[in-house]
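In: Got a predicted structure here, sequence first:
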Amino acid sequence: MKYIIVGLGNFGASLAEKLTLQGHEVIGIDHSMSKVDMYKEKVSHTICLDAMDEFTVSGLPLKDTDVVIVAIGEDQGANVMTTAVFKNLQVKRLISRAINPLHEKVLRAIGVDEIVHPEEETAERWAKKLCLSNVVDSFELSDDYSIIEVSVPPVFIGKTIQEIGLRRKYNLLALTTIKNREVKSTVGRIQNKSVVQGVASPDTVLEKGDILVIYGSKRDLQTFTNQ
């Protein structure tokens with residue numbers, strides 16, 4: 001896949017490096033030439049430019065880019081302006097970093113697809129979410145093995161874990177499923193709540209909206225999620 005990451009601070013640079021190491025094509029952008037030089041050997045491509053300039057940004061290979069991540073964190077104004085530029089240029093998938101709740105509201109108003117909170121989420125976790133389709137969350141056990149939460153693909157809805165051949169076809173182990181339920185709060189308000197269903201069995205039926213928690217090697221997980 002092809003990514004553009006704007007802002008080579010701690011989070012942006014770390015994410016760009018991890019995606020590059022996983023074999024993806026990454027364009028790392030920053031207005032600081034020193035940062036561009038610092039990561040030119042670690043990231044596929046690094047470019048020094050003003051990402052708030054729509055004319056300049058329009059010269060990037062946006063149509064061939066799968067995901068744009070605005071990782072600017074120090075300057076909220078620059079973050080918002082840059083996000084607006086990429087949104088206006090109608091990129092395929094736009095993710096932006098939020099510093100506080102108000103900042104997040106502004107970004108959502110612009111129409112970003114997803115919000116990043118680097119203070120709560122690591123670059124490692126985001127690299128996995130970006131590389132594996134439909135992944136909700138992940139937990140790194142080692143360099144080779146992980147546990148991930150993945151939205152049940154439509155083709156598996158109504159089937160049991162045994163019927164989809166999770167162990168036989170994909171060499172993965174189903175740990176549990178999570179269902180979203182509507183529950184009434186103490187003040188009578190209806191809220192959505194994620195409910196863990198306990199240890200999964202071969203007869204567990206997968207329903208629409210379920211989240212499947214599975215364990216396996218990174219290679220097998222990628223094969224399953226990107227099919």
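Out: Looks like it arrived, so ask away.

In: By mean pLDDT, point me to the weakest helix or strand of the chain.
Out: The helix or strand of the chain with the lowest confidence, counting by mean pLDDT, DSSP states H and E, is strand 135-140 at a mean of 61.

In: ok, then the element right after that one?
Out: Remark: after strand 135-140, the chain's next helix or strand is strand 145-151, criterion DSSP states H and E.

In: Which SSE is immediately downstream of that next one?
Out: Past strand 145-151, the next helix or strand by DSSP H and E is helix 161-164.

In: Just the residues contacting that next one, thanks.
Out: 156, 174, 200-204, 206 (CB atoms under 8 Å, 6 or more residues apart in numbering). Every residue, glycine included, has its C-beta placed from N, CA and C.

In: Tell me where this structure is predicted with low confidence.
Out: 119-141, 181-194, 227 (pLDDT under 70).

In: Would you mind giving the domain segments of it?
Out: 2-128, 134-225 (automatic domain parsing).

In: tell me the most buried of the ones you listed?
Out: When you average the neighbours per residue for each of the domains of the chain (mean count of other CB atoms under 10 Å), domain 2-128 leads with a mean of 18.

In: List the neighbouring strands of the strand or helix carrying residue 216 plus their orientation.
Out: Following DSSP H and E, one finds residue 216 within strand 211-217. In the sheet, strand 211-217 lines up against strand 145-151 (antiparallel), strand 173-184 (antiparallel) (DSSP bridges).

In: Just after the helix or strand where residue 20 lies, pick out the following helix or strand.
Out: With elements taken from DSSP H and E, the one containing residue 20 is helix 10-21. As assigned by DSSP H and E, the chain's next helix or strand after helix 10-21 is strand 25-30.

In: Before I go, just wanted to say thanks for your time.
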